[in-house]
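Asks: Take this sequence and fold it.
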Amino acid sequence: MLSHDILHERLEKLNAIGIALSCENHIDKLMETILIAAKHLVNADAGTLYIVKDGALYFQIVITESLGIALGGTTGQPTNLPPVMLRHTDGSPNLNNVVACAVNKDITINIEDAYTAKGYDFSGTKNFDSSTGYRSKSFLTVPMKNHEREIIGVLQLINAKDQNGELSYFDEDSQSMAESLASQAAIALTNRRLIHQLEELFESFINLINLAIDDKSPYTGGHCQRVPALTIMLAEAVNQANYGALADFKMDNRDRYELKIAGLLHDCGKITTPVHVVDKATKLQTIFDRIHLIDTRFEVLKRDAEIDYLRGKSTEIEWKQRVEQIESDRSFLQHANTGGEFMPDAACERVKTIGQQIWLNPEGETSDFLSSEEIENLSIARGTLTGAERQIINHHIEVTIEMLESLPWPKHLKNVAEFAGGHHERMDGKGYPRGLKKEQMSVQARIMGIADVFEALTARDRPYKDGMKISQSLTILARMAKDQHIDVDLFEIFVKEKVWKDYAELFLGPSQIDEVDEEKLLRIAMGKD
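Replies: Presented below is the predicted three-dimensional model:
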């Protein structure tokens, strides 16, 4: 029996271990902590922690202190040991192996000396001893049962040592302590697994939302995956940078997870955005591209020009000139319909001129060649969206915020809505939907704003444009930083720490990656160039 002082000391250790186990979030580290704590608690030289899975016991952590052996867990060294089967090939329970027997009989097995024990096969142990010079003596094998009394693993401790460091046996007090620890450990491990499973389920629901958006539009689906990746890349760079205005910004694992979730959900409101707006590849596209209707009108104009010539109302030269002008106007409108980064005023005037010419429609009535709505669409200066359609697109961020703020977030995810909802704000307060200024926004929200813009500039899967080269995209970002559209301090880190390069290597095509003048970019951003 242990003395009162030693027993009291072990009870205090057991309580401290229970507290430590409840605080550990990493499963591998948790299992390692369990085994090390058990060894120290009962003064054992070696130990193994097994996990029950698919009818077998799998080695998770193996430690033999006197031989310097440490496998599994956080060591980076795999156990590479074959699992112990709980049943023989004929289906009968495996009672020969002491670990399997402890599970099959749901009992603690305490063996004073493996070399004299009856009823168990210790041949593997003896072979290990023979090859290493070790002497495996006492074994304490304790099933780990969760709150439902289900055995989820086994804690096996080997070679108890007395106060003088000599090999001994596991007494009743040591067994009781080990069983108490195994019970606490099983609950801690089960809780951590349940939390992990809930996190996986939660992320699966998020991916389900993104899958729904992706199913509506393949163009936004890629965006929903790339923006979170770039957001984390930039956040890690800021976390590691020790210079500038953001030198004090630091993240722990909970912060990283919160930002990851916000990134995945930053466009969840697009689930309500009409597909014909999200996927508007050309200026005239709705359900189909209406440029084909205009092509038909041009064919009617050519027909009428030919009829006028055949009826003697025009000369052959006039007819051919008219057909040439029609084809020129058709080609111009087809090009204008594709959209782009800029459409000059002269081109918009030409659209209007073409649209106001009179033609004889199929109903036999004279009317303008283009409707007001068609002229408006074909005169879009940038991209393919009208002002009204852009408002529909912009509304997604309001929906995103409403959706996210309606959820009962736990404490460690309480900032998700703010992070995700701020990626269209500007540093000068001219963004949307809330017109926030830089000092009103978290660093994470500002990070997401840069990630959202850079991904959009470089994306290769948009229906209305090709992905820009890196140098061009960064130049646009630099100008946006100068104009207080994005955070200039974050842009500095984005450039200096080559976040753009890491992202490009993962997501961009070789033709997009070109030379980048980092000093020039920073001069532009600072308003010095």
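
Asks: Please give the element, helix or strand, for the residue nearest to residue 306 when sequence neighbours are not counted.
Replies: Closest residue in space to residue 306, ignoring its immediate chain neighbours: residue 319 at 6.7 Å, by Cβ to Cβ, 6 or more residues apart in numbering. (C-beta placed from N, C-alpha, C; glycine too.) Take DSSP states H and E as the rule and residue 319 turns out to sit in helix 316-337.

Asks: Skip ahead from that helix and say which helix or strand is next.
Replies: Next along from helix 316-337, by DSSP H and E: helix 345-356.

Asks: I'd guess residue 81 is in a helix, am I close?
Replies: No. Judged by DSSP: H, G, I helix; E, B strand; the rest coil, residue 81 forms no part of a helix; its state is coil.

Asks: thinking it is in contact with residue 62, fair?
Replies: Yes. The pair residue 81 and residue 62 qualifies as a contact (Cβ atoms under 8 Å) at a distance of 7.3 Å.

Asks: more neighbours, the two?
Replies: Ranked by neighbour count (other Cβ atoms under 10 Å), residue 81 and residue 62 place residue 62 first, with 22 against 14.

Asks: tell me the contacts of that one?
Replies: By Cβ atoms under 8 Å, 6 or more residues apart in numbering, the contact list for residue 62 reads 47-48, 69-72, 79, 81.

Asks: Quick one: buried ones out of those?
Replies: Burial by neighbour count, judged by 16 or more other Cβ atoms under 10 Å, picks out 47-48, 70-72, 79 from these.

Asks: if we can go back for a sec, the helix holding residue 319: how far from the chain's middle?
Replies: In terms of Cα atoms, centre = their mean, to the nearest Å, the centre of helix 316-337 is set 51 Å apart from its chain centre.

Asks: Equivalent analysis for stretch 352-371, please.
Replies: With Cα atoms, centre = their mean, you get 52 Å for stretch 352-371.

Asks: circling back: with pLDDT as added columns, please give the buried ones among the contacts of residue 62 in JSON lines.
Replies: Below are those laid out as JSON lines (pLDDT from 0 to 100):
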{"residue": "47", "pLDDT": "95"}
{"residue": "48", "pLDDT": "94"}
{"residue": "70", "pLDDT": "94"}
{"residue": "71", "pLDDT": "94"}
{"residue": "72", "pLDDT": "91"}
{"residue": "79", "pLDDT": "90"}
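
Asks: Including secondary structure and distance to residue 502, could the residues you listed go into JSON lines?
Replies: Converted to JSON lines, the buried ones among the contacts of residue 62 look like this (DSSP: H, G, I helix; E, B strand; the rest coil; distance: Cβ to Cβ, whole Å):
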{"residue": "47", "secondary structure": "strand", "distance to residue 502": "42"}
{"residue": "48", "secondary structure": "strand", "distance to residue 502": "40"}
{"residue": "70", "secondary structure": "strand", "distance to residue 502": "34"}
{"residue": "71", "secondary structure": "strand", "distance to residue 502": "33"}
{"residue": "72", "secondary structure": "strand", "distance to residue 502": "31"}
{"residue": "79", "secondary structure": "coil", "distance to residue 502": "34"}
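
Asks: tell me the two of those residues that are most distant?
Replies: Greatest spacing in the buried ones among the contacts of residue 62, by Cβ to Cβ: 47 and 79 (12.9 Å).

Asks: joint contacts of these two?
Replies: Counting by Cβ under 8 Å, 6+ apart, the shared contacts of residue 47 and residue 79 are 61-62.

Asks: can you pull the contacts of the residue nearest to residue 306?
Replies: 305-306, 308-309.

Asks: Mind doing that once more with 7 Å?
Replies: Residues near residue 319 by Cβ atoms under 7 Å, 6 or more residues apart in numbering: 305-306, 309.

Asks: what about the strands in this structure?
Replies: Ranges of strands in the chain, per DSSP state E, are 44-53, 56-64, 69-72, 84-85, 109-111, 139-145, 151-160, 358-360, 366-368.

Asks: Report all helices and strands that the third one contacts.
Replies: Read it as strand 69-72. Judged by 3 or more Cβ pairs under 7 Å, 6 or more residues apart in numbering; DSSP states H and E, strand 69-72 is in contact with strand 56-64.
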